[in-house]
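K.L.:
kindly return the folded structure for what I paste below:
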Amino acid sequence: MAGFIEGVDRGQTVLFPDRLEDWIGEDNLVRVVDLFVDELDLPGLGFVRSAAARTGRP
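P.N.:
Sure thing, here's the model as predicted:
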């Protein structure tokens with residue numbers, strides 16, 4: 001089946017917790033950077049592959 005992405009093996013241990021947000025403090029500077037990048041018009045700045053494709057891949 002073309003374009004199919006397999007899921008994670010049930011026996012595989014994970015590297016990160018369920019949500020990466022659990023590791024980042026509320027007052028961490030990375031939250032400001034995240035908000036700043038979210039507000040940018042990436043396609044307007046020339047990043048033509050900034051939106052995910054229909055399959056979820058860039």
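
K.L.:
pLDDT score for Pro17?
P.N.:
In the predicted model, Pro17 carries a pLDDT score of 64.

K.L.:
and Arg49, by the same measure?
P.N.:
In this model, Arg49 is scored at 79, pLDDT.

K.L.:
that one in helix, strand or coil?
P.N.:
The assignment at Arg49 comes out as coil when based on DSSP: H, G, I helix; E, B strand; the rest coil.

K.L.:
burial count for it?
P.N.:
10 (other Cβ atoms under 10 Å). Placement of C-beta: from N, CA and C, glycine included.

K.L.:
Val30 contacts Ile24, correct?
P.N.:
Yes: here Val30 lies in contact with Ile24, judged by Cβ atoms under 8 Å, at a distance of 6.0 Å.

K.L.:
these two: which has the busier surroundings?
P.N.:
Between Val30 and Ile24, Ile24 has the larger neighbour count (other Cβ under 10 Å), namely 13 against 10.
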